[in-house]
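Prediction below, plus the sequence it came from.
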Amino acid sequence: MSKATVGIIGMGDMGKMYARRISAAGWRVNACDKPNRFDALKEEFGDDSNIQIYADGRLVSRASDVIFYSVEAEGLEHVVSLYGPSTKQGAIVGGQTSCKEIEVAAFRKHLPEDVEIVSCHSLHGPMIDPKGQPLVLIRERATDKSFALVEEILSCFGSKHVYLTAQEHDRITADTQAVTHAAFLSMGSAWHANNQFPWEMNRYVGGIENVKCNIMLRIYSNKWHVYAGLAIMNSWAKLQIRQYAESVTELYKLMLGGHREELEKRIKTAGEAVFGREGDSHRELLLRDDVLDRYSLGNVPKKRARNNHLSLLAMSPHGILGISSLTFSSQPFRLWLGVTEYLFRNASLLNEIIETAIEDNTFRSDDLEFTFAARAWSECVSFGDFASYRDRFENIQKYFEPRFPEATRLGNEMIRVILAKT
Ligand SMILES: NC(=O)C1=CN([C@@H]2O[C@H](COP(=O)(O)OP(=O)(O)OC[C@H]3O[C@@H](n4cnc5c(N)ncnc54)[C@H](OP(=O)(O)O)[C@@H]3O)[C@@H](O)[C@H]2O)C=CC1
Ligand SMILES: O=C(O)C(=O)Cc1ccc(O)cc1
């Protein structure tokens, strides 16, 4: 057989990244977006003779041996229902959405039976170098030969292949990415509600606070539908996000009520369950304060301000976090796990946090807004409400937008340095 031709339906940021890299590796690529983008795409890819732009997904489906759908999760089933029946006989089809059970169900429903299914999920945004990043592969319905072909095509990314079923993928995504996003989205909402730019306030500059600011900005600089789809279309994600919001609320009430013993017991038991006792592990901590201080959007104060880190404490009480998830995780999650571990495995810091939580009122109103925000995001996700998700997200995105370029630069550097050590 001559070399396989690769189809890409949906030439947004991820689709373009796939098309460019796969074509550069020597494969012929057929690609399309919505028909109204035909001329613009032809113009954009006119100088790449390996990439053939088509007017729609039906034409791409008819002409390609391995096809990747790279459209919004919310619309995937509809798009597959339109073009799936035209898939070339014996072709292999996959998708790039973050929710694999729904995606695979759509393929099973709309693709002809002689079409094989191998799905994938790059665990990073379109601007990140895929080399070394996790790439999940889901062999749903495929021969060894077909699966090997998909791996061969995607090997041009240099990513780390992780083999999972659709269900395993969705469970891990719920435990890791969905909860991480909920935490950062809530932080952004709370700062916005209090009309704060955190990097302008001493208490949010330096150390762990830099990770919070940089990752929050990075998430809000992406497209709303990426996070909405990942959370709303994954039933486990809904549960985990709700659990996170409940933990935030319960911890906040313990802090407000001054219930020191209960707070301490709860936090320490949960921390030990996830990270072990201080000194138990021989693993080096993922993060260090002096490294983190370098990535500030504002001036680092001489004396570090104390924080009760409600947003981090709430990550572990229900066993949301699992070190084992590290093998399959996105950069924001790895950093988030890093800062949470930093806190839970440092007994004196943990004691300081508990002291601050009970005695210090500085963060009460920030924490109140954070608690509201965590619950509001959870409700929005539970109701499956894409429109209000979008509205909330874009409203806050606008507020922070002026700082995106600098935060992206600093955040990328911060992630590069920190993750290189791990
Ligand atoms: N961005 C990220 O960080 C990551 C994204 N993903 C997932 O990858 C997928 C693509 O994401 P991304 O590229 O970022 O999103 P984009 O919004 O940039 O791209 C999706 C593209 O698909 C187009 N599209 C919609 N319907 C059709 C159709 N019927 N035929 C052809 N094209 C269509 C969209 O057009 P229109 O805009 O007009 O709807 C858009 O141009 C999503 O499922 C996302 O969740 C996965 C990993 C990371
Ligand atoms: O880098 C980030 O913010 C991410 O978390 C990127 C991301 C978003 C959605 C995905 O399905 C995969 C990766």
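Received the coordinates, thanks. Everything numeric here is computed off the predicted structure, so don't read it as measured data. Ligands and ions are numbered 1, 2, ... in the order given.

Straight-line length of stretch 193-204, end to end?
Stretch 193-204 stretches 16 Å from its first residue to its last (Cα to Cα, to the nearest Å).

Centre-most residue in the protein?
By Cα atoms, centre = their mean, the chain has its centre lying nearest to Gln177, at 4.6 Å.

List the contacts of that one.
Ser98, Leu123, Leu230, Ser329, Ser330, Pro332, Phe333 (Cβ atoms under 8 Å, 6 or more residues apart in numbering). From N, CA and C alone the C-beta is placed, and that goes for glycine too.

and ligand 1, which of those residues reach it?
Ser98 (Cβ under 6 Å from any ligand atom).

Now flag whichever of the contacts of Gln177 is closest to Thr408.
Pro332 (12.9 Å; Cβ to Cβ).

list the buried ones in the helix or strand harbouring that closest one?
Assessed by DSSP states H and E, Pro332 sits inside helix 331-344. By 16 or more other Cβ atoms under 10 Å, the buried positions in helix 331-344 come out as 331-344.

name the helices or strands packed onto that helix?
helix 179-193, helix 208-220, helix 260-275, helix 310-313, helix 347-359, helix 404-420 (3 or more Cβ pairs under 8 Å, 6 or more residues apart in numbering; DSSP states H and E).

With mean pLDDT and mean neighbour count added, can I get those helices in a markdown table?
Putting the helices and strands packed on helix 331-344 into a markdown table (pLDDT from 0 to 100; neighbours: other Cβ atoms under 10 Å) gives the following:
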| stretch | mean pLDDT | mean neighbour count |
| --- | --- | --- |
| helix 179-193 | 96 | 24 |
| helix 208-220 | 90 | 25 |
| helix 260-275 | 89 | 17 |
| helix 310-313 | 91 | 24 |
| helix 347-359 | 92 | 17 |
| helix 404-420 | 82 | 16 |
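
Next, format the ones you listed as TSV and append distance to ligand 1.
Below are the helices and strands packed on helix 331-344 laid out as TSV (distance: least, Cβ to the nearest ligand atom, whole Å):
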stretch	distance to ligand 1
helix 179-193	11
helix 208-220	10
helix 260-275	26
helix 310-313	22
helix 347-359	32
helix 404-420	13
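
rewinding a little: just name the closest of the contacts of Gln177 to ligand 1, please.
Ser98 (4.9 Å; Cβ to the nearest ligand atom).

list the contacts for Arg62?
Ser86, Thr87, Lys88.

Who wins on neighbours among those residues?
Among the contacts of Arg62, Thr87 has the most neighbours (other Cβ atoms under 10 Å), with 26 neighbours.

For that one, what are phi and psi?
In terms of degrees, to the nearest 10, the main-chain angles of Thr87 are phi -60, psi 140.

residues contacting it?
Contacts were defined as Cβ under 8 Å, 6+ apart; by that measure Thr87 touches Ser61, Arg62, Ile67, Val93, Leu111, Pro112, Val115.

export those to JSON lines and tack on pLDDT and distance to Phe372?
What follows is the contacts of Thr87, written out as JSON lines (pLDDT from 0 to 100; distance: Cβ to Cβ, whole Å):
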{"residue": "Ser61", "pLDDT": "98", "distance to Phe372": "46"}
{"residue": "Arg62", "pLDDT": "98", "distance to Phe372": "51"}
{"residue": "Ile67", "pLDDT": "98", "distance to Phe372": "44"}
{"residue": "Val93", "pLDDT": "98", "distance to Phe372": "43"}
{"residue": "Leu111", "pLDDT": "98", "distance to Phe372": "44"}
{"residue": "Pro112", "pLDDT": "98", "distance to Phe372": "49"}
{"residue": "Val115", "pLDDT": "98", "distance to Phe372": "47"}
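
Using the record's domain definitions, break this structure down for me.
5-164, 171-419 (automatic domain parsing).

right, so of these, which gets closest to ligand 2?
domain 5-164 (3.3 Å).

Work out the gap between the closest one and the centre of the chain.
Centroid separation for domain 5-164 versus its chain: 20 Å, with Cα atoms, centre = their mean, to the nearest Å.

How about stretch 409-422?
With Cα atoms, centre = their mean, you get 16 Å for stretch 409-422.

Same question for stretch 197-206.
24 Å.

List the buried residues of it.
Result for stretch 197-206 [16+ other Cβ under 10 Å]: buried residues Phe197, Pro198, Trp199, Met201, Arg203, Tyr204, Val205, Gly206.

what does stretch 116-127 give?
So, applying 16+ other Cβ under 10 Å, buried residues of stretch 116-127: Glu116, Ile117, Val118, Ser119, Cys120, His121, Ser122, Leu123, His124, Gly125, Pro126.

I appreciate the help and will end here.
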